[in-house]
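# Predicted model and sequence follow; I will ask about them next.
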Amino acid sequence: MSSHTDRTSTALGLTTFACTWCGLTVSAYAADGEPRNHCPSCLHSRHVLDHVEGGPSDCEGRMPAIAIAVLRTGDWMVIHRCVRCDELTSNPVRTDDNQLILMRMAVRPLAQPPFPLEAFGTL
């Protein structure tokens, strides 16, 4: 995960946390031992870090996963948006994350383009 997530897990001394959306008790570490900050089942997170200034955030809003980004390295990142303050964050996909939800988010732009697909028939 990104360094801010590593610091959060370490700084807050988390070994588990409760998902703000589905209530699942989640290990602060993925199956491969990497730290995590989102639920592997529903991919929701909680806004506990101030990503602009660094350090803890008082917001603590729920952060649903809204998209997938792919880095130049090919690594996938989950993009979260805070429902309270609209801050965006990105965190690496973990090996035990829900693959169905990840794929749904990844193909959504292709399934719901911002233009009519019929335009391709006239090209």
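Yep, that arrived.
# so the residue nearest the centre of the chain is in which element?
Centroid check for the chain by CA atoms, centre = their mean gives residue 78 as the closest residue, at 3.6 Å. Assessed by DSSP states H and E, residue 78 sits inside strand 76-81.
# Report the mean per-residue pLDDT for the helix or strand just after that strand.
For strand 76-81, the succeeding helix or strand toward the C-terminus, using DSSP H and E, is strand 88-92. What strand 88-92 shows for mean pLDDT is 92.
# Packing partners of the helix or strand just after strand 88-92?
Counting by DSSP H and E, the element after strand 88-92 in chain order, helix or strand, is helix 99-111. If you count contacts as 3 or more CB pairs under 8 Å, 6 or more residues apart in numbering; DSSP states H and E, helix 99-111 packs onto strand 65-70, strand 76-81. All C-beta spots, glycine's among them, are computed from the backbone N, C-alpha and C.
# so how far is helix 99-111 off the chain centroid?
From the chain centre to the centre of helix 99-111 is a distance of 13 Å (CA atoms, centre = their mean, to the nearest Å).
# what's the angle from that helix to strand 76-81?
If you take axes from the mean of the first three to the mean of the last three CA atoms, to 10 degrees, helix 99-111 sits at 80 degrees to strand 76-81.
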